[in-house]
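**Q** Fold the following.
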Amino acid sequence: MNIENQLRDGKIRGILSSLWIFFFINHFFMGLHEFANPVFIEQLIGGGFDVSDSLLLMAAITIELPILMIVLSRVLPNKINWIVNILVAVFTIGLEIMNNPNPDLDNIFFLAAELIGFVTIIVISIRWRSRLIKENRN
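**A** As a prediction, this is how the structure comes out:
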């Protein structure tokens, strides 16, 4: 592989990693933003949330996968990097939709930003794969 291809692949990896960081920060602030909602605070203080082990596990998976992708998008070989980014982006979209069945306006805003990031990850990964095939270095 020549230096130009290595530089191009490194740039793509950096962009993908940055998009996963974007999701993580966005998701963090979406949760933090809930503390400005008086209804949320009342439910939190009054025990209005049924927090089960399965709910906590789902929350951990929802955030741990993107954190893992920050690193994996930089270190995985080209051959599997593009597919892992696509699969985890699609899976995380599904988790986000499942975890927000009735989002309020601010959550819709945050979720829209996340969706744009995920679609960008998918598009970049597909284009990267196409270029790798075209250059016959898959």
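**Q** now the helices for this structure?
**A** Per DSSP state H, the chain carries helices over the ranges 3-33, 38-46, 53-75, 78-99, 105-134.
**Q** With mean neighbour count and mean pLDDT as extra columns, can I get those helices in a markdown table?
**A** The way it works is simple: take the backbone N, C-alpha and C, and place the C-beta from them, glycine included. A markdown table is the format used below for these (neighbours: other Cβ atoms under 10 Å; pLDDT from 0 to 100):
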| stretch | mean neighbour count | mean pLDDT |
| --- | --- | --- |
| helix 3-33 | 15 | 94 |
| helix 38-46 | 11 | 78 |
| helix 53-75 | 14 | 91 |
| helix 78-99 | 17 | 94 |
| helix 105-134 | 16 | 95 |
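**Q** how near is residue 88 to residue 136?
**A** 26 Å (Cβ to Cβ, to the nearest Å).
**Q** swap in residue 126?
**A** In terms of Cβ to Cβ, residue 126 sits 17 Å off from residue 136.
**Q** No further queries at this time; thank you.
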